[in-house]
Each structure stands twice: as C-alpha cells, then as structure tokens.
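# Give me a model of this one.
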Amino acid sequence: SNPSLALTTPPPPSSSTTNDVVERVVDGDTIITTSLGRIRLIGMNTPETVSAAQRERGSPPDCFGPEASAYTKKLLPKGTTVTI
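Residues are numbered from 1 along each chain as shown. Have a look, this model is predicted:
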C-alpha cells in the first residue's frame, strides 16, 4: 500500500508575532532589523558571502552567494516592514 501524504496548512499567526523594519540585508538568508537585530530566515539556506571564516582566510564568496544576496536585497529593501 502507498503511504498517504499529509498536507498541512501553517498555523495562524500567534499573538507573539511582531512587526519590524529591515535595516539591511547581510546575505541571502540573513537580515538586520531595527528592533530585533540579526535574523536568519527560516527555510532558506543560501551560499555564504561574508562569513567570519571567509574573512579570516581571505576567501572569495561562495558560488552564487552574491546573486543570493542581491535577490534578498531586491525582495527586502531597507525600510521594508516584516512580520516576525
């Protein structure tokens, strides 16, 4: 027999959500907000562009890291209100 797939919908936002404003994009999966500071985006894993290890070694950004950062900057420009 085939196992069935359970499709779920996300739960409604809880009362613990808050709005914040994007200050800047660090890289493809990390932003800085006005109130909460550094936030990693859940469900996103993009190539690194500015990791501490890369800076120490003088290594270039990972392949497609700059493109991932550019896309996130386009998606969440400075001043964008986000719900967290």
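
# who touches Gly65 in this structure?
With contact set as C-beta atoms under 8 Å, 6 or more residues apart in numbering, Gly65 has these partners: 27-28, 46-49. (Glycine included, C-beta is placed from N, CA and C.)

# run the last query once more with 10 Å
Going by C-beta atoms under 10 Å, 6 or more residues apart in numbering, Gly65 touches 27-28, 46-51, 54.

# between those residues, which has the most around it?
Taking other C-beta atoms under 10 Å as the neighbour criterion, Gly28 ranks highest of those with 25 neighbours.

# wait, doesn't that residue sit right on Ala68?
Yes: using C-beta atoms under 10 Å, Gly28 is in contact with Ala68, at 2.9 Å.

# Name the residues contacting each of these two.
Common neighbours of Gly28 and Ala68 (C-beta under 10 Å, 6+ apart) are 44-49, 62.

# all helices for the protein, in order.
Per DSSP state H, the chain has helices spanning 52-57, 65-75. These are given in chain order.

# Can I get those in a markdown table including mean pLDDT and distance to Val21?
Below are those laid out as a markdown table (pLDDT from 0 to 100; distance: least, C-beta to C-beta, whole Å):
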| stretch | mean pLDDT | distance to Val21 |
| --- | --- | --- |
| helix 52-57 | 76 | 26 |
| helix 65-75 | 92 | 15 |
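
# Return the most buried member of those.
Highest mean neighbour count among the helices of the chain (mean count of other C-beta atoms under 10 Å): helix 65-75, with a mean of 16.

# could you dump that one to CSV, C-alpha only?
Extracted as CSV, the C-alpha positions of helix 65-75 are listed here (Å, rounded to 0.1, in the frame of the first residue of the first chain):
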residue,chain,number,x,y,z
GLY,A,65,26.4,33.9,-2.9
PRO,A,66,26.4,37.5,-4.4
GLU,A,67,23.4,36.6,-6.6
ALA,A,68,21.5,35.3,-3.5
SER,A,69,22.3,38.5,-1.6
ALA,A,70,21.2,40.6,-4.5
TYR,A,71,17.9,38.8,-4.7
THR,A,72,17.2,39.1,-1.0
LYS,A,73,18.1,42.9,-1.2
LYS,A,74,15.6,43.2,-4.1
LEU,A,75,13.0,41.2,-2.1
